[in-house]
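Undergrad: Here is my input; please provide its structure:
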Amino acid sequence: MEKLMAIFEGFEVEKLGSLLPSAESLMSGLTGWMRLLVVVGPLLMLFFGLYYLFFAPKEANHAMGFRFFYAMSRVEVWQHAQRLAGIAYAALGGVQFIIIGLISLSFGRLAPPDMVWLAAKCLIWEVVLAIIATLAVDILIVVLYDYQGEPRKGADQLMKGKNNRKPRPGAFSTGSRKK
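TA: Below is the predicted model:
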């Protein structure tokens, strides 16, 4: 015990206060970290959306791209799934980035517990919306294609907006006519 007392001999409590950071500097650091934390999710969604749109692999693989077992059945389905996921993720990431960015501007005016709870709510909403976007793309692929990658009946009209019905006999067509 005497050795322990000898260690703390000459220790001044007043000097300890000057070594610790001020509450203002801690709060500004916490506010910055909370802002960064809530903005990372939308930026990742935007990044993956743009990746799926412009840089996704052209053929199905087990390493990169939006992988869903229906989408991996055929190349056409894979490419369609990449486009759908890219549009959904990029749009959702952009909208979330704007909304969450505006919400995070209010962090500086809030008390620390309120700021942390608001950041937690933002993170929960980011995760929920990402899950909904993923499920929406998966469901759309299931609606449009069967498990072997063949388009379902009527799905071709939904996919490309084409009307693939055969023309009626005698109806005017845009092709060349015999004279």
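Undergrad: which intervals of the protein have sub-threshold pLDDT?
TA: The model of the chain has pLDDT under 70 over residues 13-28, 156-179.
Undergrad: mind listing the helices for it?
TA: 2-7, 13-19, 23-54, 75-104, 112-144, 155-160 (DSSP state H).
Undergrad: Just want the angle from the fourth one to helix 112-144.
TA: Following axes from the mean of the first three to the mean of the last three CA atoms, to 10 degrees, one obtains 160 degrees for the angle between helix 75-104 and helix 112-144.
Undergrad: hang on, the earlier thing: okay, the helices of the chain, which one's buried deepest?
TA: helix 75-104 (a mean of 19; mean count of other CB atoms under 10 Å). Backbone N, C-alpha and C define where each C-beta goes, glycine included.
Undergrad: if we can go back for a sec, want to throw the helices of the chain into CSV with distance to His62?
TA: Listed next are the helices of the chain as CSV, based on distance: least, CB to CB, whole Å:
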stretch, distance to His62
helix 2-7, 59
helix 13-19, 54
helix 23-54, 16
helix 75-104, 12
helix 112-144, 17
helix 155-160, 25
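Undergrad: Go through those and name the closest to Phe69.
TA: helix 112-144 (9.4 Å; CB to CB).
Undergrad: which other helices and strands contact that closest one?
TA: helix 23-54, helix 75-104, helix 155-160 (3 or more CB pairs under 8 Å, 6 or more residues apart in numbering; DSSP states H and E).
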